[in-house]
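[1] would you be able to build a 3D model of this:
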Amino acid sequence: MNQGQLLELQQRLLKAEKENKKRSQELSRALNEFKLLVARRINMTKNDTVDMKWKELKLPVHLTNLYYYLPHLQEYEDAISPNVIFGQQRTGVSLVMGIPTVKREKQNYLIDTLQSLIHQLSEEQKKDCIIIIFIAEVDADYVKSVAESVKTSFPREVQSGVLEVISPPASYYPDLSNLKKTFGDSEDRVRWRTKQNLDYSFLMLYAQPKGTFYLQLEDDIIAKPDFIESIKNFAAQQSQDWMVLEFSQLGFIGKMFKSEDLPFIVEFFLMFYKDKPIDWLIDHLLWVKVCNPEKDAAHCETEKSKLRIRAKPSLFQHMGIYSSLAGKIQNLKDKDFGKNVLHKAHNNPPAKVDTSLRIYQEYTLEKVYKGQDFFWASAPVAGDYIRFTFSNPLEVEKYLFRSGNMEHPGDKLFNTTVEVLPAAETLRKELVSNGSKFNYPATKDGYLKIGAFENGIAEGSINQSIGRIKAIRLSVSSDSPVWAILSEVLIKTSEN
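    Purely as a prediction, here's the structure:
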């Protein structure tokens, strides 16, 4: 290639980027109008935001670029109107997390993924983020069932606006039956990756006006503790020129973008959504932006690394085995994630521990109480208990019990109450005879039921008027279909 041809190619690239920037600005203006539309809709429907009615928020009809790349949309009036199943339509947050989910032939990991994310968030962090679940299916019954499971599992997060659930209209997707097979992929795989590109694009456009940064996640991952703080600190260390911050080395997991860049990025995806997988398209976008045809591949990689910056260790790990592509098994693991933290240690007061549960191997109750390992037992039945009896009665300020862990997130305690035994014998006798005067139900043997497990966790404060406590007991009220893990025990007293 001679010098003249190279110059011509460079001019064509610059012209293409200029045109893309113009289109990006047009799309950004349209999305800002969408944001105002959302705000007006919120004011109209403040008291009707968490029901199962399918509410529509219509994107501006003049998103001409979408119609250009997806011409079939012109045939449908509402083809790009998201079905907002529930959510408080929160905006103005720092971080928006997007999770696309689809029907899988075997195991579904979405609830475990959400639990891993939500339980790492402080109350302050919950106020400054949104998790958008995009159910990328058009089967209304399936969409409703997934939404109901999210709503049932995380009622507080749905009510507060941390969680939103949306789905696409059926008319959003073009005909995917006659796609060109490329890269040796089967017809099913080409269709799967093409639809996936469209799913990412829809979700990104919906999320764009809601926050400063957008983090792409998947529905079968686990997160490290304090992942939000780690992301915030890493982003603060970077210059303003980056385009992608990577918090996992796998596929499209843990990739963070500036929301202001999303219109341009989505447009690039839609140009080539039929041609290549999403992670390849990101790499090509970076090539177009910074690689010089007159330089070698090493120079190109150096330039791209200034826009795509990896954080180590990784903050997200892939845990799914069964892919959303039928018949595909994927044992993908991020080696930079490090060893999973399966228990958390605390300095608990001296106590004797005992349980009616059948302990599995060496995973004893003593070990989790002392912070040495997690406790693991076969499936509990109604009447089973876990008990901590203190050497000396204590004034307990708060408690936290966490069941399940990263490798076995489903092994939780269900239908289990937290009970305390007051140290004063006269008080216990009074409770047995007359019931509780503390607005807590009393058991026949003098315990007060002060709390219960929700989504695998029990935590709370203890009314100091109860006085010193002799023991804390976890009581199981119904048979469980799964084994039980206790991965964290915290008993905080004025002394510790």
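
[2] for the rest of this, base every contact and every neighbour count on C-alpha atoms.
    Will do.

[3] now do the buried residues in the helix or strand containing Lys144.
    Taking DSSP states H and E as the definition, Lys144 sits inside helix 140-153. For helix 140-153, the neighbour count (16 or more other C-alpha atoms under 10 Å) marks Val143, Lys144, Val146, Ala147, Val150, Lys151, Ser153 as buried.

[4] which parts of the stretch 101-250 of the chain are helices?
    Remark: helices assigned in the stretch 101-250 of the chain by DSSP state H, counting those that start in this stretch are 110-118, 123-126, 140-153, 155-160, 187-207, 227-236.

[5] need the ones you listed in TSV with mean pLDDT, can you?
    Output for these, formatted as TSV (pLDDT from 0 to 100):
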stretch	mean pLDDT
helix 110-118	88
helix 123-126	92
helix 140-153	92
helix 155-160	92
helix 187-207	90
helix 227-236	93
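
[6] pipe those into CSV and attach distance to Val368 per row.
    Listed next are the helices of the stretch 101-250 of the chain as CSV, based on distance: least, C-alpha to C-alpha, whole Å:
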stretch, distance to Val368
helix 110-118, 20
helix 123-126, 26
helix 140-153, 26
helix 155-160, 28
helix 187-207, 40
helix 227-236, 24
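
[7] closest one to Gly451 among those helices?
    helix 155-160 (16.4 Å; C-alpha to C-alpha).

[8] only alpha carbons, please: show that closest one as CSV.
    The C-alpha coordinates for helix 155-160 follow below in CSV (Å, rounded to 0.1, in the frame of the first residue of the first chain):
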residue,chain,number,x,y,z
PRO,A,155,-38.8,-6.6,48.2
ARG,A,156,-36.9,-3.8,49.9
GLU,A,157,-34.6,-3.2,47.0
VAL,A,158,-37.5,-3.2,44.6
GLN,A,159,-39.4,-0.8,46.8
SER,A,160,-36.5,1.6,47.2
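
[9] just the endpoints, please. Distance across stretch 303-315?
    Stretch 303-315 has an end-to-end distance of 25 Å (C-alpha to C-alpha, to the nearest Å).

[10] what's in contact with it?
    223-224, 227, 234, 241-249, 254, 286-287, 290-291, 334, 336-338 (C-alpha atoms under 8 Å, 6 or more residues apart in numbering).

[11] just the buried members of those residues?
    Buried among the contacts of stretch 303-315 (16+ other C-alpha under 10 Å): 223-224, 227, 234, 242-249, 254, 286-287, 290-291, 334, 336-337.

[12] using TSV, lay out the buried residues of helix 140-153 together with distance to Tyr200.
    Converted to TSV, those look like this (distance: C-alpha to C-alpha, whole Å):
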residue	distance to Tyr200
Val143	17
Lys144	21
Val146	19
Ala147	19
Val150	20
Lys151	23
Ser153	25
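
[13] and the gap between Lys398 and Lys306?
    47 Å.

[14] again with Tyr385
    55 Å.

[15] and what of Leu427?
    From Leu427 over to Lys306 the distance is 68 Å, taken as C-alpha to C-alpha.

[16] and Ser186, by the same measure?
    For Ser186 relative to Lys306 (C-alpha to C-alpha), the value is 35 Å.

[17] name the residue in the two with the higher neighbour count.
    Taking other C-alpha atoms under 10 Å, Ser186 and Lys306 do not tie; Lys306 has more neighbours (17 against 12).

[18] that one sits in which helix or strand?
    In the assignment (DSSP H and E), Lys306 maps to helix 297-307.

[19] chain center to that helix, what's the gap?
    Mean-position distance between helix 297-307 and its chain equals 31 Å (C-alpha atoms, centre = their mean, to the nearest Å).

[20] what's the answer for stretch 358-375, then?
    Its chain's average C-alpha position is 29 Å from that of stretch 358-375, according to C-alpha atoms, centre = their mean.

[21] which residues touch it?
    342-348, 353-355, 376-378, 485-489.

[22] repeat that for stretch 480-487.
    For stretch 480-487, contacts defined as C-alpha under 8 Å, 6+ apart pick out 342-344, 368, 373-381, 401-405, 410-414.

[23] buried sites along it?
    Under 16+ other C-alpha under 10 Å, the buried positions of stretch 480-487 are Ser480, Trp483, Ala484, Ile485, Leu486, Ser487.

[24] the last one should be in a strand, yeah?
    If I follow you right, that is Ser487. Yes - Ser487 sits within a strand when classified using DSSP: H, G, I helix; E, B strand; the rest coil.

[25] so, low pLDDT: which residues of this protein?
    1-64, 79, 106-107, 320-340, 432-437, 496 (pLDDT under 70).

[26] please parse it into its domains.
    10-337, 351-493 (automatic domain parsing).

[27] what is the burial count for the residue nearest to Leu70 when sequence neighbours are not counted?
    Nearest residue to Leu70, sequence neighbours excluded (C-alpha to C-alpha, 6 or more residues apart in numbering): Pro174, at 7.3 Å. Per other C-alpha under 10 Å, the neighbour tally for Pro174 reads 13.

[28] cool, and Ala377?
    A count of nearby residues for Ala377, using other C-alpha under 10 Å, gives 21.

[29] grab the nearest non-local neighbour of it.
    Ile359 (4.3 Å).

[30] any idea how far the one you found is from Trp483?
    10 Å.

[31] please apply the same query to Leu400.
    Using C-alpha to C-alpha, Leu400 is found at 20 Å from Trp483.

[32] do Pro155 as well
    25 Å.

[33] Trp242 now?
    Counting by C-alpha to C-alpha, the separation of Trp242 from Trp483 is 45 Å.

[34] pull the residues that contact stretch 204-211.
    31-32, 34-35, 82, 90-96, 98, 129, 132, 214, 259-260, 262-263, 266.

[35] Asp275 belongs to a strand?
    No - using three-state DSSP, the assignment for Asp275 is coil, not a strand.

[36] what sits against it?
    Asp275 neighbours (C-alpha under 8 Å, 6+ apart): Thr182, Thr194.

[37] tell me which helix or strand Asp78 sits in.
    Under DSSP H and E, no helix or strand contains Asp78.

[38] no wait, Ser391
    Assigned by DSSP H and E, Ser391 belongs to strand 385-394.

[39] for Leu421, name its beta-bridge partners.
    Applying DSSP bridges to Leu421 gives these bridge partners: Ala471.
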